[in-house]
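[1] How does the following fold in three dimensions:
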Amino acid sequence: MKILSVASECAPFIKTGGLADVVGALAKVLGDHAIECRVLLPLYRQIAHLVEGAEQVFESETRFGGSVRVLAKREAGIDLLLVDAPHLYDRAGQIYLNEQGVDWADNHLRFGLLSWIGARIADKGIAGWRPDVIHAHDWQAGLVPVYARQFPNATQPCVITIHNIAFQGIFPATTIGALDLDPMGFTQDGFEYFEKISFLKGGLMYANQITTVSPTYADELLTDEFGMGLQGVLNARRDVLTGILNGIDTTVWNPETDPALAQNYSSRTLAKKLANKRALLERFNLSGNTSAPLFSVISRLSEQKGLDIALRVLPDILDSGARFVLLGSGSADLERGFLELAKRYPGKVGVEIGFDEDLAHLVQAGADATLVPSRFEPCGLTQLCAMRYGTLPIVSKTGGLADTVIDANEAALAAKCATGFNFAPVTSEKLGDALNRAMALYENKTHWQKSVRNAMKHPVSWESSAARFAELFQDLSER
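    Just a heads-up that it's a prediction; the model follows:
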């Protein structure tokens, strides 16, 4: 079976968040299920080096402001189809934002073209290869099933995965012509959304199957609180909506072989984890007291992630002797807040604004616990990586966080199955309670180490989820 995965980012090539990790990992693991997956990805300036050795397999003029070609290349175990349109992708800045941190004004064209090429490949194939199923990811690929209706032979079933419904690709109705969309689709039953175009809504209306990244998030999306205005659409299509839990690439996230660590270790050699804690304390110029619990955050800094409440409660555990490190960037107010926290607690708090992949691995290995207090979280990968590295996650009970972390309550500790801590609702008081429970458990080395070993053995790979995707693709293709 052949699958075309259409996405705006894909690890390890270009990444701004968990979407990239999912696209890249799934593309590789589907091969274990006799599925040939190719990833259609824009050729951004940041990955221009991939041109070397690539084969041109398509070239055409388009209505998206210029010509486009598609290059094929296998890299890092992934078969890529690169959409080369320099007038849209060869530019400085972030892949979605310009150098001023504002959305590119022509994002509708940039990702409209990506979707159009996906539908074009479904229609006529490319270099003799034609997919059996199309898999579109988030709003950037939301128009794939919409365009497919405009191509006579693009009759393959299409799956769209919602990674985060907060981002919907909404643009003025005046862009219909520039996007080469059939205006007949600009209706309530099509891609019209409050008199504008919504890429994501179009995908949700026209796809054969809708998936999202955890079972709990699939249920949450049907509610007014989490549906972000599309709950009506999803309730109308709930018979084709399913939640398939994300996994992580356990060859990349493996404490036994990770080259970014100061010392490799496993659940059987847990004492070696301490070397990473020492290295992390040194990296952030914190006091070398390894007996004190070390908490961490690796995150985009935003209110969605609940880090404003973390700022309010962290002083309590710092005053009790804990240490804390943060790696991330985002809201200027939150960046400033954490930097000020570091000034208030010299030797106890370390903050690095930005992102460094190797440092992220060291933080996961060196910390004792990590905070993910999100107000909503479709799946979350941070807590999966943390568990893999024996760092207990402290998470809000929402989305995939609720599906993956077993709370260290009295019953779970007695049953020896706890893997972290969860709390609800997302308030300072409840997060504070969870942090205090973590501090108390840390003092009980027997229970703490058992929970750490449970977390490291918890299934976080793509193995079972990839099997579910393979079954879904096969079922759609046969139908």
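[2] Would you map the helices across the stretch 351-479 of the chain?
    Using DSSP state H, counting those that start in this stretch, the helices of the stretch 351-479 of the chain run over 357-366, 382-388, 399-404, 410-415, 428-443, 445-457, 463-478.
[3] All the strands of the stretch 51-200 of the chain, in order from the start?
    Secondary structure of the stretch 51-200 of the chain (DSSP state E, counting those that start in this stretch): strands located at 55-61, 67-75, 78-84, 133-137, 158-162, 170-172, 192-193, 196-198.
[4] Give me the sheet partners of the longest one and which way each runs.
    By that I understand strand 67-75. strand 55-61 (antiparallel), strand 78-84 (antiparallel) (DSSP bridges).
[5] Return the most buried member of those strands.
    Ranked by mean neighbour count, the strands paired with strand 67-75 are led by strand 78-84 with a mean of 22 (mean count of other CB atoms under 10 Å). Every C-beta, even on glycine, is put in place using the N, C-alpha and C of the backbone.
[6] what's around A72, how many residues?
    A72 is flanked by 17 other residues according to other CB atoms under 10 Å.
[7] again, but for E256
    Other residues close to E256 by other CB under 10 Å number 12.
[8] same check, this time on L221
    Using other CB under 10 Å, L221 is surrounded by 26 other residues.
[9] How much space separates it from V372?
    19 Å (CB to CB, to the nearest Å).
[10] Report the contact partners of the residue nearest to F167 when sequence neighbours are not counted.
    Spatially, and ignoring its direct neighbours in sequence, F167 is nearest to W139 (5.6 Å; CB to CB, 6 or more residues apart in numbering). Shown in contact with W139 (CB atoms under 8 Å, 6 or more residues apart in numbering): 111, 167-169, 198-200, 203.
[11] ok, those residues vs T419, which is closest?
    F167 (29.6 Å; CB to CB).
[12] What's the local residue count around N164?
    Residues lying near N164 (other CB under 10 Å) number 22.
[13] give me phi/psi at the residue nearest to V452 when sequence neighbours are not counted?
    Nearest-residue entry for V452: G390, 4.4 Å, with adjacent residues in sequence omitted and distances by CB to CB, 6+ apart. Note on G390: its backbone torsions stand at phi 70, psi 30 [degrees, to the nearest 10].
[14] Contact partners for G390?
    255, 265, 267, 270, 273, 452-453, 455-456.
[15] Can you tell me which of those are buried?
    Neighbour counting by 16 or more other CB atoms under 10 Å classes 255, 265, 267, 273, 452-453, 455-456 among these as buried.
[16] Tally up the residues packed near Y96, please.
    By the criterion of other CB under 10 Å, Y96 has 16 neighbours.
[17] can you check F194 too?
    By other CB under 10 Å, 9 other residues sit near F194.
[18] Could you measure from it over to Q209?
    F194 is 26 Å from Q209, by CB to CB.
[19] What of S451?
    Distance from S451 to Q209, counting by CB to CB: 37 Å.
[20] do the same with Q46
    Applying CB to CB to Q46 and Q209 gives a distance of 32 Å.
[21] Who has more neighbours out of S451 and Q209?
    Using other CB under 10 Å as the criterion, S451 and Q209 rank with S451 on top: 27 against 19.
[22] How about that one: what's its closest non-neighbour residue?
    In space, not counting the residues next to it along the chain, S451 is nearest to A418; the distance is 4.6 Å by CB to CB, 6+ apart.
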